[in-house]
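Engineer: Got a sequence here, can you build the structure:
(2 chains)
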Protein chains: 2
Amino acid sequence: MLVKGNLLTFRQGSGAATAFTEIRSMEVVDGFIEWIGESKNAPTADNVVDFGNRLITPGLIDAHAHPVFGGNRVTEYEKRSQGATYQQIAAEGGGILSTMWATRAASEDELVATGKKRLNWMLANGTTTLEAKSGYGLSLDDELKMLRAIRRLGQETPMDVIPTFLGAHAIPPEFDRDRSGYAALICNEILPRVAEQGLAEYADAFCEDGYFDCPTTDRILTKAKSLGLKLRMHADQLTRCGASQLAADLGAKTADHLEQTDLEGIRALKDANVQPVLLPASVYALGLHHYPNARAMIDEGLSVVLATDFNPGSSPTASLPFVMSLACTQMKMTPEEALIACTLHAATSLDRAQDRGSLEVGKRADFVVWDCQDFREIPYWIGAPIVEKVFIEAREVFSRA
Amino acid sequence: MLVKGNLLTFRQGSGAATAFTEIRSMEVVDGFIEWIGESKNAPTADNVVDFGNRLITPGLIDAHAHPVFGGNRVTEYEKRSQGATYQQIAAEGGGILSTMWATRAASEDELVATGKKRLNWMLANGTTTLEAKSGYGLSLDDELKMLRAIRRLGQETPMDVIPTFLGAHAIPPEFDRDRSGYAALICNEILPRVAEQGLAEYADAFCEDGYFDCPTTDRILTKAKSLGLKLRMHADQLTRCGASQLAADLGAKTADHLEQTDLEGIRALKDANVQPVLLPASVYALGLHHYPNARAMIDEGLSVVLATDFNPGSSPTASLPFVMSLACTQMKMTPEEALIACTLHAATSLDRAQDRGSLEVGKRADFVVWDCQDFREIPYWIGAPIVEKVFIEAREVFSRA
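Structural biologist: Sure thing, here's the model as predicted:
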């Protein structure tokens, strides 16, 4: 198949990559890009799909999401609109634990059914690869159930789903007075089963004093690493407790959130080659204003990733274009930096840059056809349905009405 | 036709209206709601359309928009992401005047064609009635051209479009050194033609020192009123120069923006029964943080309206659900207040509450079927394609893929 359009490619310059759209044709064979270049040099093909002057980008990659859960948290959302804080809501029994109860009550089939609906929202926004975390089960059986649901979402939808075990997301009520007991359960019972059953590629932890402090996070993620899991880490969201340095010390692939990270932390990430994954939609949805310091991270040479953090509490958005809009308007990232952060840099953070994240020969034909000409229009026309078609391995998986 | 679903109706209580969804059926005849009530009491009908437990709301009403223009301003958007302010961009020849040049260069047909695309974006977000302003022509011929394009958008799309003359949007370069000359042109040449040709129902002005100060706005809008136009007014966006008081004195239907309005201004609006139209997406897209004080306005008893301010510079969003999200997360309006602000209150502000803005007997069957059950999910799942179908006068005008 020969695909024609305004193909967006990235050229690695001396500094940041440059997005440009001179390339006009790509040949796709067996779901992969076999050739890309000017139309006049294109190989002959029986099947030509011509999108005219429409923009074609790589499929978007969401590197931090919690798409599997029971229930929703609209009531909390309403309470926050009336002035309650996230912390007040948690103290009243809301927050992550309310989703834990709903997730424990849901069957695996129910989690798959609601998850599919949310993955369709993501597809409609151009996402083709999705990282998905457990962390609302918080018991052996319920964490395994969530991870099985995540695996089925990868099998039963067109989306490529990369599973992350996040047992260390919150302390379940059974262990409220025995926090180290929960860490022991994760290390001795849950993690070995997750690894044995091949249910996760990554392990993650919510590293924060009062939840999983640095020593506990270290213990859990060191165990995960010894079992062959790669690491991601929720770091510096609420306070600065040394999580960035720990992520660096552990050799995590990513440190995520980083709202409170200072220059010292940024340099620790840089020195250890840990990628920052920024989640501005969670700042936005909580009605806060302290966004992570993306500019300092970019200036230090880090390959910043943007992700939705899709979850029912702090970030109920399935839209990476909206996250790009937040990055441009609230964090002073350029549209180019924002787009690379949701494609190539996100692929790198998931160890997938060898086969996706950009339109290049040898990579998967995961791409989005946009009803616009210029990539800067993606964050600009926020809320407009400009995703026209989505392809995964050259197969059309979404088409707009 | 009998329509079944989770019909959202408003009950006027002692204070704010209450959104609730007990009503399950409505009978629609000739595009109007003839009966509404419990299904068990429903009249027999040959044609029953059952949306199950899906939420059905009134069609959304966008009471402040600039959907007709040439070109776009993505380059400015990118510059702002790099730190330039709106004022710096205007000083470099960008801003409203760059859109003026592109709009003057466009034919009426071109304005209609691009306008249709944008109205389709709005339909896909649930908007069924749209206020549309001129104001990028800034000459007799170009303002009339814009208003004719706006009229055609109402004729050639399913959307009901309410035209507003906004010649006093910016000072065109021809009058840079003769600002009162431009006011004279508006009063003596353009307004009489607009009125004579019936091209506008409202007149509006950007009342701000350095643009159209209070005396000049007074002169223009008093003339408009004498020609039978009703009034709306851009007030207190950048500074507080007395615009709210002027809107009250002139008996304008609305005062729009109000980012800088203080309690005195709010009380002046209340005393004169002028509705505030708040435009948080323009605050957001400019990367600012000073939102209008919606809570004080609601507390004073004003019927707050929310609108997109859709325009290529400060607010390139066609989505009222996104505006509702901004209201809930950034302005501490409740989801209920936000929804009423985009429906019933917006209808009132456009003098249309007699036939739309709520699901009531005698009103038009303009409604949205949402792929959710609870109205609070509209701002909550921001970016998800949950608008399933849109009906205008009972005719299906949008259906999701």
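Engineer: Am I right that A:Asn120 falls within a strand?
Structural biologist: No. Judged by DSSP: H, G, I helix; E, B strand; the rest coil, A:Asn120 forms no part of a strand; its state is helix.
Engineer: Could you check the pLDDT of it?
Structural biologist: Confidence at A:Asn120, expressed as pLDDT, is 98.
Engineer: Okay, it and chain B: tell me how far apart.
Structural biologist: 8 Å (CB to the nearest CB, to the nearest Å). For the C-beta atoms, the positions are set from N, CA and C on the backbone; glycine is no exception.
Engineer: swap in A:Asp178?
Structural biologist: In this view, A:Asp178 and chain B are 35 Å apart by CB to the nearest CB.
Engineer: what do you get for A:Ala318?
Structural biologist: 5 Å.
Engineer: who touches that residue in this structure?
Structural biologist: A:67, A:118, A:121-122, A:125, A:127, A:308, A:310, B:381, B:383-384 (CB atoms under 8 Å, 6 or more residues apart in numbering or on different chains).
Engineer: quick one: which of those is nearest B:Phe175?
Structural biologist: B:Gly383 (42.2 Å; CB to CB).
Engineer: dump the residue contacts of A:Arg267.
Structural biologist: A:Arg267 sits next to A:Glu300 when contact means CB under 8 Å, 6+ apart.
Engineer: Quick check: which element contains it?
Structural biologist: Using DSSP states H and E, A:Arg267 sits within helix A:263-272.
Engineer: which regions of chain A sit below the pLDDT cut-off?
Structural biologist: A:12-21 (pLDDT under 70).
Engineer: Between the two ends of stretch A:391-401, how far is it?
Structural biologist: Counting by CA to CA, to the nearest Å, you get 16 Å between the two ends of stretch A:391-401.
Engineer: and if you look at stretch A:197-216?
Structural biologist: 24 Å.
Engineer: How about stretch A:123-134?
Structural biologist: Terminal-residue distance, stretch A:123-134 (CA to CA): 20 Å.
Engineer: right, is that stretch up against chain B?
Structural biologist: Yes. Using CB under 8 Å from any CB of the partner chain, stretch A:123-134 reaches chain B at A:124-125.
Engineer: Could you report the distance from the residue of the stretch 201-350 of chain A found nearest chain B to A:Thr343?
Structural biologist: Residue of the stretch 201-350 of chain A nearest chain B, by CB to the nearest CB: A:Ser319 (2.7 Å). A:Ser319 sits 15 Å away from A:Thr343, going by CB to CB, to the nearest Å.
Engineer: out of those two, which sits in the more crowded spot?
Structural biologist: A:Thr343 (32 against 28; other CB atoms under 10 Å in any protein chain shown).
Engineer: For that one, list the residues it contacts.
Structural biologist: Here A:Thr343 is in contact with A:10, A:57-61, A:357-358 (criterion: CB under 8 Å, 6+ apart).
Engineer: Excluding residues flanking it in the chain, which one is nearest it?
Structural biologist: Nearest residue to A:Thr343 in three dimensions, chain neighbours excluded: A:Pro58, at 4.6 Å (CB to CB, 6 or more residues apart in numbering or on different chains).
Engineer: ok, that neighbour - how many residues close by?
Structural biologist: Residues near A:Pro58, counting by other CB under 10 Å, number 30.
Engineer: who touches it in this structure?
Structural biologist: Residues near A:Pro58 by CB under 8 Å, 6+ apart: A:8, A:343-344, A:356-359, A:366-368.
Engineer: Take those and keep only those in strands.
Structural biologist: Judged by DSSP state E, the contacts of A:Pro58 include A:367-368 as members of strands.
Engineer: on contacts alone, who are the packing partners of the one helix or strand A:Ala338 maps to?
Structural biologist: Using DSSP H and E, A:Ala338 sits in helix A:335-341. The elements that helix A:335-341 packs onto, with contact taken as 3 or more CB pairs under 8 Å, 6 or more residues apart in numbering or on different chains; DSSP states H and E, are strand A:17-20, strand A:305-306, helix A:320-330, helix A:377-380, helix B:74-81.
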